[in-house]
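Peer 1: what follows is a predicted protein model with its sequence.
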2 protein chains.
Amino acid sequence: MHSLIQIFLDQHNLDGFLFVGDSICDADMYYLTHFLAGDRFAALAQEKTTLLVSSMETGRAEKESIADKCLSTSQYQIREKLKRSENWEEAYCQMLADFLRDHSIKRLGVPFRFPAGIYQHLIQDFEVKVLESPASRFREVKTAEEQSAIADTQRACERAMRQAILLIAGSEPRGELLHRDGMPLTSEKVRSAIDISLLGDGCETMDTIVAGGLQAADPHARGTGPLAANCPIVIDIFPRSKSSRYFADMTRTVLKGEAALDVKEVYEAVCLAQSEGLKAIRAGVSGKEVHSRVSEVFLDQGYPEKEGQGFTHSTGHGVGLDVHEKPSLSEVGEALKVNHVVTVEPGLYYHDIGGVRMEDMVVVKKNDSLNLTHFERKLVI
Amino acid sequence: MHSLIQIFLDQHNLDGFLFVGDSICDADMYYLTHFLAGDRFAALAQEKTTLLVSSMETGRAEKESIADKCLSTSQYQIREKLKRSENWEEAYCQMLADFLRDHSIKRLGVPFRFPAGIYQHLIQDFEVKVLESPASRFREVKTAEEQSAIADTQRACERAMRQAILLIAGSEPRGELLHRDGMPLTSEKVRSAIDISLLGDGCETMDTIVAGGLQAADPHARGTGPLAANCPIVIDIFPRSKSSRYFADMTRTVLKGEAALDVKEVYEAVCLAQSEGLKAIRAGVSGKEVHSRVSEVFLDQGYPEKEGQGFTHSTGHGVGLDVHEKPSLSEVGEALKVNHVVTVEPGLYYHDIGGVRMEDMVVVKKNDSLNLTHFERKLVI
């Protein structure tokens, strides 16, 4: 990592690259430091990585982070600066400037998402370039350890999917709705079973999708209320391990009751598109090519994208410390590299049928890919 | 809200205030839009609020957000721009510029945390001022609805605290460790009971602290491994409701076994400091004064801050859509206002004893405060 950073700094003629934010929201900061904090801190990447954290956090940072050095804001007289300026942002920027000078910074790089308020202050004293974060680039390619962390989260994801599907499979179609224990089975109830399973596996999740019937025509609808019988139900689970911080992401679509012919056909089309997409993946192929292949399969089968219906989204995305990260499998997807981890998730969406989506997650290899998703594809359960 | 925004824009001579980010991490964006999204979107606050979201999200944004208008990035030809520039950031900035011109923006405000990469681009075409976010200011003062959401989360927080304390109370001191069902009781086990209780109440939590023995000497240590008998255990729970998105925050310190005299004295000192801090709170008093009062109580009782031990942190902070927000009850705390919601959480930390902290959350009133925390203070359980 250090040598990669040094190469990047040399390329861009920089003395260091500065991140300011919290590592819960900024995955680059977590990646570089392994210090998880919800409050703002600074990380300076040079030949060595240095953290600047509040004095409250110094002990924890020293224990938990992989940074080479942890300095405390009190060493830079943050309290005194604050008393003098009575303005938190002003005092923080003054302190950062002292910290940077102490680390022989003249030419500084910052990422696109760097706070504009601090940027504006630092350009007064330093030569600052706003660049794509090198950490974002480095973390696209996953080490063996990272792949194993993602696979672990995927196992938890599959156990949760199993619980959801068992719940739906054990329900009974009565009229238009699914029932269990004499009550309508709801999206909320299925989501809760998923959440409990994930919690038991040390994972957290924010926005699990359990969307049935016409709700699923919107690929991002979370789903709410009673689940319809005889209609596809999209279950999209993307948990994060609380310990490793790595995500997984998978989707299955299931149906309880009788599947109409057009639904079956849509389902088969999605399965075929996914299989072809998976087959297309290997190092050197671009995300754009994979996406084109999937789009082509849909077109060949008579499912063009039209008026916001059909295959309305991209084919996939990278997964890691963020649930959506580079590379992208879309119209602008760049070349895939060995050990990228990406999803392949074609779907079809219609106002009169609802939605069908199928998502696996794979590791890109030299000549093919390794599928991390071990779960059957089955519509009627 | 609209009229507050308009006053702010007039004061600063602006045509609009722009936010770009995701509303999971940026509470200001959630506050203004009530649109929860993990992927980046833009929100322009003028007399009306306008969202600019990906076409995938438009349907959900129209349903869920309180913005006046939801536009889609496809209306601004993001795909075409992307194909032309082959650079996502470049295309996004061009699209934003078109969107801003469409909304008659010449003079634009952006918050401190606005992405520097976009700021740098926009200053080429617009007059851009980086300012403290007006939303951050507005959301310091809580409406009745927000107070009730915070109180609801606090009830869930207390149920989780009850589970944790029952688990510890039902353990047995054997030698130096607490045991339950023949096994050492661990921080992890107690944290898991807290997590399960919170999940059942529709809350999520990231970093619950269950720290016993000398671990608790670091106020931010999460706690790990077997819990010690006869030693204070700090339990600090700060969940967020998944539905309302509002946090609560509370801390209790308990001990199973025999409490040494110095531990009892420290506990009493913290209780007294908290009571005095709570008494000091009312509208017009500054956070600094409350903090001074608490520090004074500790000093009077013979517990000065010295060499990183004693009362090493601030007295409290605002709680709302962020777990730490303004106002601050610290050396630089500003005047409290009616309907601020703040914590009062004095603590004492020693390398040879560990830590004791006590935290309640109150609503600031004209002449006093309303304590939202309904939970006893009791050391030995």
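Peer 2: Structure received.

Peer 1: list the contacts of A:Arg79.
Peer 2: Residues counted as contacts of A:Arg79 (C-beta atoms under 8 Å, 6 or more residues apart in numbering or on different chains) are B:Glu331. In this view, the C-beta of every residue, glycine as well, is placed from N, C-alpha and C.

Peer 1: need the pLDDT of it.
Peer 2: As predicted, A:Arg79 sits at a pLDDT of 85.

Peer 1: and it, how far from A:Ser54?
Peer 2: When distance is defined by C-beta to C-beta, to the nearest Å, A:Arg79 is 10 Å away from A:Ser54.

Peer 1: same deal with A:Ser275?
Peer 2: 52 Å.

Peer 1: tally of neighbours for the residue in the stretch 201-350 of chain A positioned nearest to chain B?
Peer 2: Of the residues in the stretch 201-350 of chain A, the one nearest chain B is A:Asp218, at a distance of 4.4 Å by C-beta to the nearest C-beta. By other C-beta atoms under 10 Å in any protein chain shown, the residues close to A:Asp218 number 22.

Peer 1: how is chain A partitioned into domains?
Peer 2: Domain segmentation of chain A under automatic domain parsing yields A:2-138, A:144-371.

Peer 1: now the helix or strand of chain A with the lowest mean pLDDT: buried residues?
Peer 2: Least confident helix or strand of chain A, by mean pLDDT, DSSP states H and E, is helix A:78-85 with a mean of 86. For helix A:78-85, the neighbour count (16 or more other C-beta atoms under 10 Å in any protein chain shown) marks A:Ile78, A:Lys81, A:Leu82 as buried.

Peer 1: tell me the contacts of the most far-flung residue of chain A relative to its centre?
Peer 2: No residue in chain A sits farther from the centre than A:Arg84, which is 41.8 Å out by C-alpha atoms, centre = their mean. Listed by C-beta under 8 Å, 6+ apart, the contact set of A:Arg84 reads A:Ala91.

Peer 1: give me the subset of the buried residues of helix A:78-85 touching chain B.
Peer 2: Contacts with chain B within the buried residues of helix A:78-85, counted by C-beta under 8 Å from any C-beta of the partner chain: A:Leu82.

Peer 1: mean confidence score for the longest helix that chain A contains?
Peer 2: The longest helix of chain A (DSSP state H) is helix A:144-169. Across helix A:144-169, pLDDT averages out at 98.

Peer 1: moving C-terminal of that helix, what's the next helix or strand?
Peer 2: strand A:172-174 (DSSP states H and E).

Peer 1: what's around A:Glu62, how many residues?
Peer 2: A:Glu62 has 16 nearby residues by other C-beta under 10 Å.

Peer 1: re the thing from before, out of the buried residues of helix A:78-85, flag the one nearest to chain B.
Peer 2: Chain B has its nearest neighbour among those in A:Leu82, at 5.1 Å by C-beta to the nearest C-beta.

Peer 1: tell me which element the nearest residue to the closest one once chain neighbours are set aside falls in.
Peer 2: For A:Leu82, ignoring the flanking residues on the chain, the nearest one in space by C-beta to C-beta, 6 or more residues apart in numbering or on different chains is A:Ala91 at 4.2 Å. In this assignment (DSSP H and E), A:Ala91 forms part of helix A:88-102.

Peer 1: which other residues reach that helix?
Peer 2: Contacts of helix A:88-102 (C-beta under 8 Å, 6+ apart): A:16, A:18, A:20, A:42, A:44, A:52, A:71, A:73, A:76-78, A:81-82, A:84-85, A:108, A:117-118, A:121-122, A:125-126, B:112, B:132, B:332.

Peer 1: what do you get if the cut-off is 7 Å, keeping everything else the same?
Peer 2: The contact list for helix A:88-102 (C-beta atoms under 7 Å, 6 or more residues apart in numbering or on different chains) reads A:42, A:52, A:73, A:76, A:78, A:81-82, A:85, A:108, A:117-118, A:121-122, A:125-126, B:112.

Peer 1: these in helices, which ones?
Peer 2: Reading helices off the contacts of helix A:88-102 with DSSP H, I get A:Ile78, A:Lys81, A:Leu82, A:Ser85, A:Gly117, A:Ile118, A:His121, A:Leu122.

Peer 1: wait, what's in contact with the fourth one?
Peer 2: Counting by C-beta under 7 Å, 6+ apart, A:Ser85 touches A:Ala91.

Peer 1: which neighbouring elements make contact with the longest helix of chain A?
Peer 2: Judged by 3 or more C-beta pairs under 7 Å, 6 or more residues apart in numbering or on different chains; DSSP states H and E, helix A:144-169 is in contact with helix A:187-200, strand A:233-237, strand A:240-241, strand A:250-254.

Peer 1: how many residues are close by A:His374?
Peer 2: A:His374 is flanked by 11 other residues according to other C-beta under 10 Å.

Peer 1: chain B contacts on chain A?
Peer 2: Listed as neighbours of chain B in chain A under the rule C-beta under 7 Å from any C-beta of the partner chain: A:24-25, A:38-39, A:56-57, A:59-60, A:79, A:82-83, A:86, A:89, A:110, A:112-117, A:119-120, A:130, A:195-196, A:199, A:204, A:206-207, A:218-221, A:313, A:323-324, A:331-332.
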